[in-house]
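Participant: have a look at this prediction, sequence included:
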Amino acid sequence: MTLPVALNLAISLVLLGFLYTQQRRHASFTVRVFTALGLGLALGAGLQATYGAASAEVQLTGDYLDIVGSGYVKLLQMIVMPLIMVSIVSAILKLRNASSLGKISALTIGTLMVTTVIAASIGIAMAKLFGLSAIGLASNAAEVARGAYLEGKLADAKAINLPSMVLSFIPANPFLDLTGARKTSTIAVVIFSVFIGIAAIGIADKKPEHFTYFDTAVHVAHSIVMRIVTLVLRLTPYGVFALMAQVVATSSYRDILNLIGFVAASYTALLLMFLVHLAIVAGTGLNPVRFARKILPVLTFAFTSRSSAGAIPMNVRTQTYRLGTSEGVANFSASFGATIGQNGCAGIYPAMLAVMIAPTVGIDPWSASFIAPLLAIVMLGSVGVAGVGGGATFAALIVLSSLNLPVALAGLLISIEPLIDMGRTALNVSGAITAGTLTSRVMGETNMEIFNSDEELRVDSESAAA
């Protein structure tokens with residue numbers, strides 16, 4: 001380890017120590033998360049200004065910071081499947097009503113799919129407004145390599161169709177899906193958990209003693225898993241700090257400036273879609289400003305981590321303890337929202353990309369004969385998109401290949417992909433929370449006392465895990 005790297009790590013430890021001091025002083029969770037975000041930005045900018053984005057010092061410093069950043073994300077991913085399983089089984093045992101389960105699923109999935117189509121429409125409109133086109137864009141070596149990689153993945157994308165996607169949801173081996181081995185493992189675990197819950201309800205009258213034992217066991221398991229969630233979420237500010245420092249330190253400002261039009265169009269579309277989410281929330285009779293303020297910490301984590309699946313634990317906790325959404329609905333919307341109808345990755349991004357690339361093969365992207373199929377393919381292609389970094393690329397491959405557009409041109413955006421993916425992921429999580437909020441309100445299960453409370457989300461107290 002060189003002296004500059006040792007100095008970088010020493011500064012990082014001092015900043016991490018400051019965040020720990022905030023925790024010891026019981027600063028609110030929101031304050032600590034945004035402090036971490038600001039410190040990460042400052043450290044990343046300082047590292048790049050001092051050494052350069054591609055320097056060995058930044059690379060090695062980033063490797064050490066990755067222990068904190070990626071380590072935190074891995075801990076969140078560790079608890080995703082257990083959380084989904086015990087929470088959904090527990091929620092079904094409380095519902096004791098199969099018709100309510102069907103309504104919750106239909107409302108949640110329907111909201112996610114509809115908002116994805118709206119997001120794609122906004123993406124198309126922004127591509128038109130900003131005059132985006134892939135014609136004339138130069139390719140460097142990295143972009144050519146990325147294009148070749150996408151071409152290699154084309155066969156996998158073409159093999160995807162609606163029947164095969166639906167079949168992939170069925171958990172032939174639920175223990176394999178509990179490891180997260182497949183892109184659709186999250187949905188498969190949800191389905192398996194639903195079967196367990198319904199089966200348990202079925203024996204409630206026939207074997208009440210067995211049901212009581214099972215209900216108690218699930219309650220105990222749920223309490224333990226939620227306690228693990230509490231322990232992991234305490235580390236959120238440290239993870240946000242490390243992740244943000246890495247992103248800023250390694251970003252190429254020159255590449256961002258070269259493609260500033262696409263960046264501006266993307267974030268304008270993301271902002272407009274977020275306003276659509278607020279409009280939907282307002283339509284349910286809730287205060288959209290209060291809603292936005294309460295979900296800001298989880299959106300900040302999603303922004304820095306670029307992982308919709310990794311945000312599931314904080315997503316569920318935010319919905320349950322800050323928005324008053326019932327636990328069952330929160331788990332359904334967070335789980336489905338990580339793999340179905342992602343507004344950013346599966347809605348805005350592939351639609352904008354298709355509109356950009358279409359002129360390169362002589363297709364008018366503004367004709368109804370192009371836009372109508374595009375929206376339909378985006379909606380269907382948004383089913384089963386993996387909720388981790390790279391999901392947007394797979395969604396784009398499905399859309400571009402279905403429209404017979406050259407997928408290699410998508411490699412032109414490699415240099416700004418991480419920057420845009422941060423905003424897309426935050427919008428994905430916002431969409432999942434919006435779907436849960438709407439469903440909970442329609443089902444009459446929202447606790448308005450919790451929603452209207454100004455109490456901060458606490459992840460340090462023992463009661464928070466109860």
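Facilitator: It's in. Nothing here was measured: the structure is a model prediction, and the numbers come from that model.
Participant: okay, CA-based contacts and neighbour counts for the rest of this
Facilitator: Will do.
Participant: any stretches of the stretch 351-466 of the chain with poor pLDDT?
Facilitator: Residue ranges of the stretch 351-466 of the chain with pLDDT under 70: 384-391, 408-415, 455-466.
Participant: swap in the chain?
Facilitator: 95-99, 136-162, 254-258, 384-391, 408-415, 455-466.
Participant: centre-most residue in it?
Facilitator: Using C-alpha atoms, centre = their mean, the residue of the chain that lies closest to the mean C-alpha position is residue 308, 1.9 Å off.
Participant: distance of residue 406 from residue 356?
Facilitator: 11 Å (C-alpha to C-alpha, to the nearest Å).
Participant: nope, residue 323 is what I meant
Facilitator: 38 Å.
Participant: more neighbours: those two, which one.
Facilitator: Comparing residue 323 with residue 356 by other C-alpha atoms under 10 Å, the one with more neighbours is residue 323, at 27 against 22.
Participant: from residue 86, how far out is the more buried one?
Facilitator: Counting by C-alpha to C-alpha, the gap from residue 323 to residue 86 is 21 Å.
Participant: list the buried residues of the helix or strand where residue 121 lies.
Facilitator: Residue 121 belongs to helix 98-129 when elements are defined using DSSP states H and E. Within helix 98-129, the residues scored as buried using 16 or more other C-alpha atoms under 10 Å are 101, 104-105, 107-109, 111-113, 115-128.
Participant: same deal with stretch 214-228?
Facilitator: For stretch 214-228, by 16+ other C-alpha under 10 Å, it's 215, 218, 219, 221, 222, 223, 224, 225, 226, 227, 228.
Participant: of those residues, which is the nearest to residue 432?
Facilitator: residue 226 (20.1 Å; C-alpha to C-alpha).
Participant: and residue 18, how close does it get to residue 108?
Facilitator: Look at residue 18 and residue 108: by C-alpha to C-alpha, they are 40 Å apart.
Participant: same check on residue 178?
Facilitator: Using C-alpha to C-alpha, we find residue 178 at a distance of 22 Å from residue 108.
Participant: please apply the same query to residue 433.
Facilitator: 10 Å.
Participant: overlap in contacts, these two.
Facilitator: Here residue 433 and residue 108 have residue 333 as joint contacts, going by C-alpha atoms under 8 Å, 6 or more residues apart in numbering.
Participant: of the buried residues of stretch 214-228, which belong to helices?
Facilitator: Using DSSP state H, the members of the buried residues of stretch 214-228 that fall in helices are 215, 218, 219, 221, 222, 223, 224, 225, 226, 227, 228.
Participant: those residues into CSV, with extra columns for distance to residue 424?
Facilitator: Output for these, formatted as CSV (distance: C-alpha to C-alpha, whole Å):
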residue, distance to residue 424
215, 39
218, 35
219, 35
221, 34
222, 31
223, 32
224, 32
225, 29
226, 28
227, 30
228, 28
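Participant: nearest to residue 186 among the residues you listed?
Facilitator: Once C-alpha to C-alpha is applied, the member of these that ends up nearest residue 186 is residue 225, at 16.9 Å.
Participant: quick check: the closest one touching residue 82?
Facilitator: Yes. Taking contacts as C-alpha atoms under 8 Å, residue 225 lies within contact range of residue 82: 7.0 Å.
Participant: strands of this structure, start to end?
Facilitator: With DSSP state E, there are no strands along the chain.
Participant: now the farthest one out in it, which residue is it?
Facilitator: residue 206 (41.4 Å).
Participant: what does that residue show for phi and psi?
Facilitator: Dihedral pair for residue 206: phi -80, psi -40, per degrees, to the nearest 10.
Participant: roughly how far does it sit from residue 85?
Facilitator: Separation of residue 206 from residue 85 (C-alpha to C-alpha): 24 Å.
Participant: name the helices or strands packed onto the longest helix along the chain?
Facilitator: Counting residues, the longest helix found in the chain (DSSP H) is helix 56-95. Here helix 56-95 touches helix 3-24, helix 29-51, helix 185-202, helix 208-233, helix 236-250, helix 312-321, helix 327-337, going by 3 or more C-alpha pairs under 8 Å, 6 or more residues apart in numbering; DSSP states H and E.
Participant: could I get those as TSV with distance to residue 262?
Facilitator: Converted to TSV, those look like this (distance: least, C-alpha to C-alpha, whole Å):
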stretch	distance to residue 262
helix 3-24	33
helix 29-51	22
helix 185-202	32
helix 208-233	34
helix 236-250	19
helix 312-321	29
helix 327-337	25
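Participant: tell me which of the ones you listed lies nearest to residue 450.
Facilitator: helix 312-321 (6.9 Å).
Participant: relative to helix 208-233, how tilted is that closest one?
Facilitator: Using axes from the mean of the first three to the mean of the last three C-alpha atoms, to 10 degrees, the direction of helix 312-321 lies 110 degrees away from that of helix 208-233.
Participant: quick one: the helices in the stretch 251-400 of the chain?
Facilitator: For the stretch 251-400 of the chain, helices defined by DSSP state H, counting those that start in this stretch occupy the ranges 253-258, 260-283, 288-305, 312-321, 327-337, 349-357, 368-381, 391-402.
Participant: closest to residue 196 out of those?
Facilitator: That would be helix 327-337 among the helices of the stretch 251-400 of the chain, by C-alpha to C-alpha, at 14.4 Å.
Participant: what's the closest one in contact with?
Facilitator: Here helix 327-337 makes contact (C-alpha under 8 Å, 6+ apart) with 84, 87-88, 90-92, 104-105, 108-109, 112, 186-187, 190, 309, 312, 315-316, 319-320, 428-429, 431-433, 435-436, 439-440.
Participant: same deal with stretch 119-133?
Facilitator: Here stretch 119-133 has contacts from 261-262, 265-266, 268-269, 272-273, 343-344, 347-352, 355-357, 359, 375, 378, using C-alpha under 8 Å, 6+ apart.
Participant: just the buried members of those?
Facilitator: Burial by neighbour count, judged by 16+ other C-alpha under 10 Å, picks out 262, 265-266, 268-269, 272-273, 343-344, 347-352, 355-357, 359, 375, 378 from these.
Participant: residues in contact with residue 298?
Facilitator: Neighbours of residue 298 in contact, by C-alpha under 8 Å, 6+ apart: 311, 314, 315, 318.
Participant: just the buried ones from those residues?
Facilitator: 311, 314, 315, 318.
Participant: and the first one, how far is that from residue 430?
Facilitator: As defined by C-alpha to C-alpha, residue 311 lies at a distance of 11 Å from residue 430.
Participant: how about the last one?
Facilitator: Residue 318 sits at a distance of 11 Å from residue 430 (criterion: C-alpha to C-alpha).
Participant: any shared contact partners between these two?
Facilitator: Common contacts of residue 318 and residue 430 (C-alpha under 8 Å, 6+ apart): residue 295.
Participant: how close does the residue nearest to residue 342 when sequence neighbours are not counted get to residue 368?
Facilitator: With C-alpha to C-alpha, 6 or more residues apart in numbering as the criterion, residue 342 has its nearest non-adjacent residue at 4.9 Å, and that residue is residue 428. Residue 428 sits 27 Å away from residue 368, going by C-alpha to C-alpha.
Participant: mind checking which of these two has more residues around it?
Facilitator: residue 428 (34 against 10).
Participant: give me every residue that touches the more buried one.
Facilitator: Residue 428 touches 308, 337, 338, 342, 343, 344, 345, counting by C-alpha under 8 Å, 6+ apart.
Participant: list phi and psi for the fourth one.
Facilitator: In terms of degrees, to the nearest 10, the main-chain angles of residue 342 are phi -70, psi 110.
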